[in-house]
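Student: Need the 3D shape of this:
(4 chains)
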2 protein chains.
Amino acid sequence: MAQSKKKAEKKEPKDEILKAALKLFTQKGYFNTSVADIRREADVSTGTIYHYFKNKEAIADALYQDIIASLNDSLKEIKNRTKNSFERLRAIVELFFALTEDASEVMGFIVLAHHQEFLPSEKPLSMSPPFLLLTEIMQEGIRSGELRRMDPVVANACFYGTLSRMIQLRLEDALEKPLDWYLLDTWTAIWKALSP
Amino acid sequence: MAQSKKKAEKKEPKDEILKAALKLFTQKGYFNTSVADIRREADVSTGTIYHYFKNKEAIADALYQDIIASLNDSLKEIKNRTKNSFERLRAIVELFFALTEDASEVMGFIVLAHHQEFLPSEKPLSMSPPFLLLTEIMQEGIRSGELRRMDPVVANACFYGTLSRMIQLRLEDALEKPLDWYLLDTWTAIWKALSP
DNA sequence: ATTAATAGATCGAATGTTCGCTCGATTTTA
DNA sequence: TAAAATCGAGCGAACATTCGATCTATTAAT
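Tutor: Sure, this is the predicted structure:
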């Protein structure tokens, strides 16, 4: 038994730092969060933070890369599991809604934050692997005739725009019910917009 | 001839400050913009800035209030000018697209910025007068049967989500053509989602 | 018409504070 | 006993804001 966990004690400082940063970044925003805030929330020293990360930006970058990668895995899994656009897009809506409910900080960081403001060298979210994969899925649907003939950019905006707006409202606490309460209505609207 | 303009000289410093701040805030974000940056761009002194505004936040607040008010006026004008949901929503899409093309800084500030991060006492955008008016317009359409029976929140997300996503892509320079090139496709998708 | 007085506008150097980050010391691990 | 991890006081730079000085426009007085 090395350092993994005895009862519920020693955690990896690196993970604690990432967890604390994610929480604070989504709660107050990157620029309203100081390294001292992260230090306090993660219950480590300043030195430890800089032992694991080059600087504050590197913490945000690590979070961003982790989340993008895991989102990409999920989308790939969906693409393999399903066989047509209807199932695929529906599964993506369900995935995003579920993530919003039980990993709200992750979704807040991805959907709400303006990464380019604090990660200047990062491409826009719409150019990241999972979002390119989404575009690919939709283009395939259009080619095969499952989706209406329309500009792929508009199809994308229609799908992800509606989806992310629902998520944003939920995270702003502007909805009366949890997201899955709106799942049917949301999916119906999206599918009506996209189907032939 | 007081101080209005002789050739194209003396401008109101207050307006110059607001114009410079709007440009920089949308270009680099609120937190990446220093008062010194605004000072330079507006070609005034630090003292002048603080003569007209209590602090940096007050500049952002003035911009926000101005834009919200003018957007509200435009939406009210549309509501008066048109007589049904189809015309109203279509006119709003056209308005937003046009504003994005020839007042991109204004739209960037409204659609992309996270006001709550630098205006902590401000309500979310979705609670501002013009957005409440939009909600009202959509609820009326649902009641009258012009729009499909659905949760108003979803109808809203569908409309504004798609719209704002197209605008965001345009402002990120991710579109090959100007927005009005996508107007028909966008409107068709929105209307298919919302009509009975 | 000229001057005097006043208030508003403009200026930019100086101030105080926040914050990211460094570094030498100390402890823990292997 | 060497290397890795952890600590936190302290450094330096950036930044928002202040303030007293200077300039300008307006009004009042002679």
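
Student: Could you look up the SS state of A:Lys54?
Tutor: What DSSP: H, G, I helix; E, B strand; the rest coil gives for A:Lys54 is coil.

Student: okay, now it: neighbour count?
Tutor: By the measure other CB atoms under 10 Å in any protein chain shown, the count of residues near A:Lys54 is 10. Where C-beta positions appear, they are placed from N, C-alpha and C, glycine not excepted.

Student: Now it: phi and psi?
Tutor: Backbone torsions of A:Lys54, given as degrees, to the nearest 10, read phi -60, psi -40.

Student: what's the answer for A:Leu119, then?
Tutor: phi -120, psi 80.

Student: Show me where chain A has its helices.
Tutor: Assigned by DSSP state H, the helices in chain A fall at A:13-28, A:35-42, A:46-52, A:56-81, A:85-102, A:104-107, A:115-118, A:129-144, A:152-171, A:183-194.

Student: would TSV of the ones you listed with mean neighbour count, mean pLDDT and distance to B:Met150 be doable?
Tutor: Formatted as TSV, the helices of chain A follow (neighbours: other CB atoms under 10 Å in any protein chain shown; pLDDT from 0 to 100; distance: least, CB to CB, whole Å):
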stretch	mean neighbour count	mean pLDDT	distance to B:Met150
helix A:13-28	19	98	30
helix A:35-42	17	98	41
helix A:46-52	14	98	48
helix A:56-81	16	98	26
helix A:85-102	18	98	15
helix A:104-107	18	98	23
helix A:115-118	19	97	33
helix A:129-144	17	97	23
helix A:152-171	24	98	12
helix A:183-194	21	98	5
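
Student: closest one to chain B among these?
Tutor: Among the helices of chain A, helix A:152-171 comes nearest to chain B, with 3.1 Å by CB to the nearest CB.

Student: before we move on, back to that, would you turn the helices of chain A into a markdown table with distance to B:Ile167?
Tutor: Below are the helices of chain A laid out as a markdown table (distance: least, CB to CB, whole Å):
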| stretch | distance to B:Ile167 |
| --- | --- |
| helix A:13-28 | 24 |
| helix A:35-42 | 33 |
| helix A:46-52 | 38 |
| helix A:56-81 | 23 |
| helix A:85-102 | 21 |
| helix A:104-107 | 21 |
| helix A:115-118 | 16 |
| helix A:129-144 | 17 |
| helix A:152-171 | 9 |
| helix A:183-194 | 17 |
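
Student: Ok, which of those helices comes nearest B:Asp151?
Tutor: Smallest distance to B:Asp151 across these (CB to CB): 4.8 Å, for helix A:183-194.
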